[in-house]
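**Student:** give me coordinates for this.
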Amino acid sequence: MLQHQKQMRVREAEERQALLSRKFTTNEDTSIFLDPELQHHDKLGEANRHVDEMIGAGVSILQGIRDQGSVLKGARKRVQDLANTLGLSNTVMRMIERRSTQDKYILFAGMVIVLLCLYFALRYL
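**Tutor:** Numbers count the residues shown, from 1 in each chain. Sure thing, here's the model as predicted:
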């Protein structure tokens, strides 16, 4: 029994020494095939880049819409100012037409009065 234990210790020591002195080499038992996982990782990275690109495109589109909104607000204000100016112009034009009509009546009345004065002056003088 003592002999058997001694042989076991010697054999374990030899096996230990053989394991420690042996260089590591890959074989079917210890190699792990990682190509599918690597491809999966690459595809996930590519998808992440595409999502980042889409977010960037969305941000630029949103900024463009904001810029267009501010341009449209400015254009709306200018159109309102123009409409107010045209409204004022229309009011002024109506006043001018009314004044022109009044002036025409005054002119005709003055012409009639002058003709009557000349008629009476020639008739009675």
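**Student:** point out where this structure drops to low pLDDT.
**Tutor:** Along the chain, the parts satisfying pLDDT under 70 run over 24-32.
**Student:** now do the SS call for residue 23.
**Tutor:** Per DSSP: H, G, I helix; E, B strand; the rest coil, the secondary structure class of residue 23 is coil.
**Student:** ignore what I typed, I meant residue 33.
**Tutor:** coil.
**Student:** what's the burial count for residue 71?
**Tutor:** Number of residues near residue 71 (other Cβ atoms under 10 Å) recorded here: 10. All C-beta spots, glycine's among them, are computed from the backbone N, C-alpha and C.
**Student:** name the helix or strand for it, please.
**Tutor:** Here residue 71 sits within helix 35-124, counting by DSSP states H and E.
**Student:** show me what that helix is packed up against.
**Tutor:** With contacts taken as 3 or more Cβ pairs under 8 Å, 6 or more residues apart in numbering; DSSP states H and E, helix 35-124 sits against no other helix or strand.
**Student:** how far does that helix sit from the chain's center?
**Tutor:** Mean-position distance between helix 35-124 and its chain equals 25 Å (Cα atoms, centre = their mean, to the nearest Å).
**Student:** now swap in stretch 8-23 and tell me
**Tutor:** For stretch 8-23 - counting by Cα atoms, centre = their mean - the centre lies 71 Å from the chain centre.
**Student:** next one: phi and psi at residue 22?
**Tutor:** When quoted as degrees, to the nearest 10, the phi and psi of residue 22 stand at phi -80, psi 140.
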